[in-house]
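In: The following comprises the amino acid sequence and a computationally predicted model.
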Amino acid sequence: MPQSRAPRDELADATAHGDVYLRRLRRAQLQLALLTLAAFGGLVGSLPLVVLRVDWLRDTQLLGVPLAVLLVAVPPFPLFLVLGWLHERRARTLDEAFRDLVSPP
């Protein structure tokens, strides 16, 4: 009967099982990155569409600046910070889960 090996040993010896562990980590990280990119692109990309669909946004001014320009220029920055923070939290969770898997008991 084959003896079971710890994931840490599988990674250190660069076995097929170790490759599976690394591939799963990379796939999870890639999925997270693509989800974050899609969320940011979708939300920021929809702002010009909102301006085109809502007529009064183009005509309204706030402090001498068209509201449409403010709507397209200002919200991406806080959104970028929030999505970056969420992405970093989830990436850290993935890394900790992987570290827990491969650390010795």
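Out: Perfect, thanks for sending it. Residues are numbered from 1 along each chain as shown.

In: Contact partners for the residue positioned nearest the centre of the chain?
Out: Central residue of the chain (Cα atoms, centre = their mean): Thr36, 3.2 Å from the mean position. Contacts for Thr36 (Cβ atoms under 8 Å, 6 or more residues apart in numbering) come out as 83-84, 86-87. C-beta: built from backbone N, CA, C; applies to glycine.

In: Drop anything exposed from the residues you listed.
Out: Buried members of those, scored by 16 or more other Cβ atoms under 10 Å, are 83, 87.

In: Mind checking what helix or strand follows the helix or strand bottoming out on mean pLDDT in the chain in sequence?
Out: Ranking every helix and strand in the chain by mean pLDDT, DSSP states H and E puts helix 7-12 at the bottom, with a mean of 60. Under the assignment DSSP states H and E, the closest C-terminal helix or strand after helix 7-12 is helix 16-53.

In: any weak-confidence spans in this structure?
Out: Residues of the chain meeting the criterion pLDDT under 70: 1-18, 104-105.

In: Switch the contacts of Thr36 over to JSON lines; also include secondary structure and distance to Ala28.
Out: As requested, the contacts of Thr36 are exported to JSON lines (DSSP: H, G, I helix; E, B strand; the rest coil; distance: Cβ to Cβ, whole Å):
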{"residue": "Leu83", "secondary structure": "helix", "distance to Ala28": "17"}
{"residue": "Gly84", "secondary structure": "helix", "distance to Ala28": "18"}
{"residue": "Leu86", "secondary structure": "helix", "distance to Ala28": "15"}
{"residue": "His87", "secondary structure": "helix", "distance to Ala28": "13"}
